[in-house]
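Q: kindly generate the corresponding structure for this input.
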Amino acid sequence: MAGGRRSADGEVEKIRGLVERITFRNDENLYTVLRLRPSGGRERKEPLLSTKLSADGLVTAVGPVPLAEVGGELALEGRWIVDPKFGEQFRIERAVPLPPTTLEGMELYLGSGLVHGIGKEFAKRLVRKFGSDTLDVIENEPEKLRSVPGIGPKRAGRIVKAWEAQQGVRDVMLFLHSHGVTPAFAVRIYKRYGRDAIARVKRNPYVLASEVHGIGFKLADRVASKLGIKKEAPERIAAGLLYTLDEAAGDGHCFLPRSELCETASGILEVDVDAVDAVLPALDTAGEIVIARRQGEAPGGGDAVYLKKLEFSESRVARLLKDLLHAEANPVPVDADKALPWAEKLLGITLAPLQASAVRKAIEKKICVITGGPGTGKTTIVRAVAAIIRRKRAKVLLCAPTGRAAKRLSEASRMEAKTIHRLLRWSPREGGFQHDESSPLECDLLVVDEMSMVDVNLMHSLLRAVPPGARLVLVGDADQLPSVGPGNVLRDILRSHRVPSVRLEEIFRQKGGSMIISNAHRINRGMMPETETAEGAVLDYFFVDRKEPEEVLSAVTELVTTRIPRKWGFDPVDEVQVLTPMHRGIIGAQNLNREMSQRLNPGAKPVEGVRGGHRIGDKVMQVRNNYDLDVYNGDIGRVTGADTEERKLSVTFDGRTVLYDYGETDELLPAYAVSIHKSQGSEFPAVVVIVSTSHYIMLQRNLIYTAVTRGKKLVVVCGTKKAIAIALKNDKVRSRYTALADRLRS
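A: Numbering: from 1, shown residues only. The predicted model follows:
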């Protein structure tokens, strides 16, 4: 029989054919459902167990396929089965990709968008022109491509480059598949190392963990194991130690105590603690880590072990802050006694005593920290200080860690504000920020808002660019969650008592009677938020009592998609944000996004070839800093288009469209619902906050406080009062291993 033979007893068979359609593909486990046209025409004349072969002569094949491409050919081994729902299928046990050999296959293959620069129309032209020699022409005689109408030098060059990359990825993919690496990661590995990828992986698979985004130690370790590297190998232990430190940095730590590091790494590696400890000196000598003697009150005891970059950043932040404190300020002659009433008159405000003290410190001291909760007048102080300094024809710069925070600062201060990254001018070509010690910012006063979000690495980059004569004002809410990245910069600066600071506690935005503001402060003091409206208060805070996770899910979905838009007129996608403590579970961000994307973006289908299943119209969040694309962790946008020929996904962030390669789209996550940690620095017209006992492990006072303060006009909390009470009682801020406060005091 053409393409295969009948198996009545389920024995292994072989078939070969052309992939005409890929119905489903999971890039994580490679499970694929595809429609195959067997070589030689219809696969079987007699169906198995009386099921009928489809009228189009195609076979449904299901199972793991390392490289599945429309138009490509596959040699499959497997067994025929009858699925109760879908009928006769070929269950794949082994799949070997083959280059297309038929004209139809070549046209499908080239027109599938796999090769940049060739769409369906150009695929037809190429096959019509070169016939069965098409692929050979692209690979060996690319100069002939320009004889095809519409293909000029530029497009021909793109086609050749894309073809070479595709063939390289193909080789790498097949090699890595046998070592447990998925196709999506294979593309990244090829982009990082090119045709040298296989040799590099064989030489030291652990470089993947440190040099290729998304490939952690565990996957690299699996590859290493298949390559024969033993458990006790020094290179494996070294990689495990770096992985442990990197994971700790992901939890906010700048270092780990030596004993804790070795014990943790020992458990991960399943080797003796002494063997782990013995590798540390070599890593120190190689400059990968720094083993430092502990200082002051830092918890944990014993030596501190840092990743090299984090030790450098933390020590330099301390040094640069000290230098700035002792440097002579630029001469900006300001008489505070006259300047304060002038600013009050200009802005039409009356400064409270503590606010006036903050303004005075900000214009007189080299560095000043202003901290306080919502409604305590932090922005008013920034406006007053900026007005006074600008009145003296001195230059003022404003910045914040995220785009949303910068936009909010700009609107409130009525001055231009930039993200820290844009202020420092990241250059993909140079591979770094353009402003540093050799090219400092031009300013007499720099104001940094939302300081609680600034981690130690970003603070280091920022301080490098502050000119010695400038004044620095750091503004933030120390009671919010700390930065997602390593360090606890704002709290450590305050704890050191070496930098002048003012803590604002009086609420000034209460004239409008906002329940959001009053309840945020009640939460911060450990008091249950009020749901009864005081006379004259603005009804902008609500509590929806739901006990079971399924009830919470139903209520939240209804609130976002129907009730809030109907009653308050907020756009359910652009103006309403769901915040939840966790990613997993029925009311975790992942499941909430699945539910709401179906309700808010119905009918949209995942863009074929895009990781993450993103669809046109979906709300997405960038989850890592991508300096080349100028998008940063926490930026929220909408998927607005897809170019299948160029394999680019268009995402619009605040009016700016960014083009992602299909292979980069795992940097985006659905964002109808996000974790509370990811919402830091952002403010939304309306937020729906989930507080449930099913998230018991995450319930903390500062978590709920941070969530409630994200809402600008409306906050709806959904869950139970018991869960809120648990969070309010848990006011212990999770300690982070940092030594910045000690370094500042030393």
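Q: please make it C-alpha for all contacts and neighbour counts, starting now.
A: Fine.
Q: residue ranges with poor pLDDT in the stretch 601-746 of the chain?
A: 733 (pLDDT under 70).
Q: what do you get if the cut-off is 80, keeping everything else the same?
A: Across the stretch 601-746 of the chain, the ranges flagged by pLDDT under 80 are 608-612, 644-646, 663, 680-681, 696-697, 731-734.
Q: for it, which segments count as strands?
A: Ranges of strands within the stretch 601-746 of the chain are 619-622, 636-643, 648-653, 656-661, 668-670, 673-675, 684-691, 711-719, based on DSSP state E, counting those that start in this stretch.
Q: show me what counts as buried in the third one.
A: This means strand 648-653. Within strand 648-653, the residues scored as buried using 16 or more other CA atoms under 10 Å are Lys648, Leu649, Ser650, Val651, Thr652, Phe653.
Q: picking up where we left off before, between the strands of the stretch 601-746 of the chain, which one is closest to Glu344.
A: The closest of these to Glu344 is strand 711-719. By CA to CA, the value is 25.6 Å.
Q: touching that closest one from outside, list them.
A: Here strand 711-719 makes contact (CA atoms under 8 Å, 6 or more residues apart in numbering) with 516, 540-547, 552, 555-556, 683-692, 708.
Q: again, only using 6 Å
A: 540-546, 683-692 (CA atoms under 6 Å, 6 or more residues apart in numbering).
Q: and the next element down the chain from the one helix or strand Gln167 maps to?
A: Following DSSP states H and E, the helix or strand that holds Gln167 is helix 153-177. Counting by DSSP H and E, the next helix or strand C-terminal to helix 153-177 is helix 183-193.
Q: for that next one, the distance to its chain's centre please.
A: 19 Å (CA atoms, centre = their mean, to the nearest Å).
Q: could you point out which element follows that helix?
A: helix 197-203.
Q: for Met527, which non-adjacent residue is closest in space?
A: Of all residues not flanking Met527 in the chain, Leu728 sits nearest, at 7.0 Å (CA to CA, 6 or more residues apart in numbering).
Q: now for the helix holding Gln167, which elements pack on it?
A: Counting contacts by 3 or more CA pairs under 6 Å, 6 or more residues apart in numbering; DSSP states H and E, helix 153-177 packs against helix 183-193.
Q: switch to 10 Å and redo it
A: If you count contacts as 3 or more CA pairs under 10 Å, 6 or more residues apart in numbering; DSSP states H and E, helix 153-177 packs onto strand 87-98, helix 134-140, helix 183-193, helix 197-203.
Q: how deep is Ser746 tucked in, by neighbour count?
A: Neighbour count for Ser746, taken as other CA atoms under 10 Å: 10.
Q: quickly find the element holding Ser313.
A: For Ser313, the element it lies in under DSSP H and E is helix 308-326.
Q: for that helix, buried residues please.
A: Result for helix 308-326 [16+ other CA under 10 Å]: buried residues 308, 310-311, 313-322, 324-325.
Q: that helix - what's its average pLDDT?
A: If you average the pLDDT over helix 308-326, you get 96.
Q: again with stretch 409-421
A: Mean predicted lDDT for stretch 409-421 stands at 89.
Q: again, but for stretch 456-469
A: The average of the pLDDT scores along stretch 456-469 is 96.
Q: show me the contacts for the residue most central in space within the chain.
A: Most central in the chain under CA atoms, centre = their mean is Val623, positioned 1.0 Å from the mean C-alpha point. Val623 sits next to Val631, Tyr632, Asn633, Gly634, Asp635, Ile636, Asp666, Glu667, Leu668, Leu669, Lys678 when contact means CA atoms under 10 Å, 6 or more residues apart in numbering.
Q: phi first, then psi, for it.
A: Backbone torsions of Val623, given as degrees, to the nearest 10, read phi -120, psi 10.
Q: ok, back up a step: can I get the helices and strands packed on helix 153-177 in JSON lines including distance to Lys230 and mean neighbour count?
A: Shown next, in JSON lines, are those (distance: least, CA to CA, whole Å; neighbours: other CA atoms under 10 Å):
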{"stretch": "strand 87-98", "distance to Lys230": "28", "mean neighbour count": "18"}
{"stretch": "helix 134-140", "distance to Lys230": "40", "mean neighbour count": "16"}
{"stretch": "helix 183-193", "distance to Lys230": "23", "mean neighbour count": "20"}
{"stretch": "helix 197-203", "distance to Lys230": "14", "mean neighbour count": "16"}
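Q: for these, which one sits closest to Ala384?
A: helix 183-193 (49.3 Å).
Q: what pLDDT, on average, does the closest one get?
A: 73.
Q: hmm, back to that, which elements pack onto the helix holding Ser313?
A: In terms of contacts (3+ CA pairs under 10 Å, 6+ apart), helix 308-326 is packed against strand 255-257, strand 289-292, strand 304-307, strand 367-372, helix 456-464, strand 471-476, helix 489-496, helix 740-745.
Q: same list (these) but as TSV, adding mean neighbour count.
A: TSV is the format used below for the helices and strands packed on helix 308-326 (neighbours: other CA atoms under 10 Å):
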stretch	mean neighbour count
strand 255-257	26
strand 289-292	20
strand 304-307	24
strand 367-372	24
helix 456-464	22
strand 471-476	24
helix 489-496	20
helix 740-745	21
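Q: to Phe185, which of the ones you listed lies closest?
A: For these, proximity to Phe185 was assessed by CA to CA; strand 304-307 is nearest, at 25.0 Å.
Q: ok so, going back, which one of the buried residues of strand 648-653 is nearest Ala123?
A: Distance to Ala123, by CA to CA, is smallest for Lys648 among these, at 18.5 Å.
Q: in the stretch 101-250 of the chain, where is pLDDT below threshold?
A: 101-102, 104-106, 108-120, 161-191, 194-195, 210, 213-215.
Q: before we move on, back to that, for the helices and strands packed on helix 308-326, give me a markdown table that also has distance to Thr657.
A: As requested, those are exported to a markdown table (distance: least, CA to CA, whole Å):
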| stretch | distance to Thr657 |
| --- | --- |
| strand 255-257 | 38 |
| strand 289-292 | 39 |
| strand 304-307 | 36 |
| strand 367-372 | 35 |
| helix 456-464 | 25 |
| strand 471-476 | 30 |
| helix 489-496 | 33 |
| helix 740-745 | 38 |
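Q: which one of the ones you listed lies nearest to Glu107?
A: helix 456-464 (49.1 Å).
Q: packing partners of the closest one?
A: For helix 456-464, the packing partners by 3+ CA pairs under 10 Å, 6+ apart come out as helix 308-326, helix 420-424, strand 432-433, helix 489-496.
Q: if we can go back for a sec, can you pull the contacts of the residue nearest to Met527?
A: Counting by CA under 10 Å, 6+ apart, Leu728 touches 522-529, 699-705, 722.
Q: now do Pro428
A: Asn626, Tyr627, Asp628, Leu629, Asp630.
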